[in-house]
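Participant: here is a sequence with its predicted model. Questions after.
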Amino acid sequence: MVSKLGDKLVIAISSRAMFKMDDSHRVYEQEGLAAYSQYQIDHEDEPLEPGDAFPLVKKLLSINERLQGEARVEIILLSRNSADTGLRVFNSIEHYGLSIARAAFCSGESPYRYVQAFGCHLFLSTDAEDVRSALDAGVAAATFLPASNSGANIDSQKDTNQLRFAFDGDAVLFSDEAEQVYKADGLEAFTATERAAAKEPLSGGPFKSFLAALQMLQAEFPGDDSPIRTALVTARSAPAHERVIRTLRAWHIRIDESLFLGGLPKVEFLRAYGADVFFDDQRGHCDLAAEHIATGHVPHGVANNVSAD
């Protein structure tokens, strides 16, 4: 996707992912929209507490401080609030000194339709239906799951200012064509198919364009001083590794680390890598990872009963 904001990396995040809004949401559920609106107005001068995606947002925006000239990372706020009740959100953004200037407030309607209009490379939300809609529209998107033990992986990070992304392969970076074979016919058929197709690049998955945009941003820094690091963390193993390597080569996309785990649980490897956020299409993998690492569930492909594009 070509961004409407030039060569910036553009990421849209829902207000409920960025800030803790449990109290006000509880008012909405128990007392209705009018009471919710009044609650937000009454508390609009009280900053919201940082939410699950807040550390990710801060690290993303800090990249701009390391580059001279125009900012290269932009965060877009998307919210189901009205502009009136959303004033508390913008006041909170100002309170925390976040450089966020663009937003869409939709008064109860889903804001996902503005993801493409802003030219976003990634959409993170706590609303699974909004995420599915964004994926259907061709945008990388994930349902954001908080790390329930957020301090667990800090010691493993060599540089806590570096933003470390981790991606599953099939149905995330790549299409789910190989995973369909595995689900239908088992591991032996999957391995045989992948060996036979080793020199045929896989089709792109929903996060291919986001990974490419990350690499473009990485290229602006010396290799040993990049604020971004990427890793592929996949259940694949040899001989199914070859097709993945050749696919990334054909795409002219470099990934910093590639872990072929052969079905081993991913959590300890994600902690060793020091991942800030991990994206996977299988909810079971996501729930395990989310015990330690902020995780985005990508509801795409055969594992989610959604046909690949």
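Facilitator: Noted; the coordinates are in hand.
Participant: tell me where the model's unsure across the protein.
Facilitator: 1-6, 149-160, 306-309 (pLDDT under 70).
Participant: enumerate the positions of stretch 31-43 that are buried.
Facilitator: Neighbour-count burial for stretch 31-43 flags 36, 37, 39, 40 (criterion: 16 or more other Cβ atoms under 10 Å). From N, CA and C alone the C-beta is placed, and that goes for glycine too.
Participant: dump those residues into CSV; add distance to residue 261 and secondary structure as well.
Facilitator: Below are the buried residues of stretch 31-43 laid out as CSV (distance: Cβ to Cβ, whole Å; DSSP: H, G, I helix; E, B strand; the rest coil):
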residue, distance to residue 261, secondary structure
36, 45, helix
37, 48, helix
39, 46, helix
40, 45, helix
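Participant: send the alpha carbons of the helix or strand residue 55 falls within over as PDB?
Facilitator: Using DSSP states H and E, residue 55 maps to helix 54-65. Only the C-alpha atoms of helix 54-65 are listed here, as PDB (Å, rounded to 0.1, in the frame of the first residue of the first chain):
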ATOM      1  CA  PHE A  54       1.100   2.600  24.800                       C
ATOM      2  CA  PRO A  55       4.800   1.300  25.100                       C
ATOM      3  CA  LEU A  56       4.700   0.300  21.500                       C
ATOM      4  CA  VAL A  57       3.400   3.700  20.500                       C
ATOM      5  CA  LYS A  58       6.200   5.500  22.500                       C
ATOM      6  CA  LYS A  59       8.900   3.400  20.900                       C
ATOM      7  CA  LEU A  60       7.500   4.000  17.400                       C
ATOM      8  CA  LEU A  61       7.400   7.700  17.900                       C
ATOM      9  CA  SER A  62      10.900   7.800  19.400                       C
ATOM     10  CA  ILE A  63      12.200   6.700  16.000                       C
ATOM     11  CA  ASN A  64      11.400  10.200  14.700                       C
ATOM     12  CA  GLU A  65      13.800  11.700  17.300                       C
END
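Participant: so what are the sheet partners of the next helix or strand after that helix and their directions?
Facilitator: Counting by DSSP H and E, the next helix or strand C-terminal to helix 54-65 is strand 73-79. Strand 73-79 has the following strand partners under DSSP bridges: strand 9-14 (parallel), strand 102-105 (parallel).
Participant: next up, phi/psi of the closest residue to residue 128 other than its chain neighbours, please.
Facilitator: If the residues on either side of it in the chain are set aside, residue 128 comes closest to residue 143, at 4.7 Å by Cβ to Cβ, 6 or more residues apart in numbering. Phi and psi for residue 143, reported as degrees, to the nearest 10, are phi -80, psi 120.
Participant: for residue 143, name its beta-bridge partners.
Facilitator: Here residue 143, judged by DSSP bridges, has bridge partners residue 125, residue 297.
Participant: so what's the backbone phi/psi at the residue lying closest to residue 210 once chain neighbours are set aside?
Facilitator: Nearest residue to residue 210, sequence neighbours excluded (Cβ to Cβ, 6+ apart): residue 140, at 4.1 Å. Residue 140 adopts backbone torsions of phi -60, psi 130, taken as degrees, to the nearest 10.
Participant: list just the nearest of the buried residues of stretch 31-43 to residue 184.
Facilitator: Within the buried residues of stretch 31-43, the smallest distance to residue 184 is 46.4 Å, found for residue 36 (Cβ to Cβ).
Participant: so how many other residues sit close to residue 17?
Facilitator: Residues near residue 17, counting by other Cβ atoms under 10 Å, number 27.
Participant: still on that earlier bit, who are the neighbours in contact with the residue nearest to residue 128?
Facilitator: Contacts here follow Cβ atoms under 8 Å, 6 or more residues apart in numbering; on that basis residue 143 touches 125, 126, 127, 128, 131, 296, 297, 299.
Participant: surely the fourth one meets residue 298?
Facilitator: No: the pair residue 128 / residue 298 is not scored as a contact, 10.8 Å apart, by Cβ atoms under 8 Å.
Participant: many thanks, have a good one.
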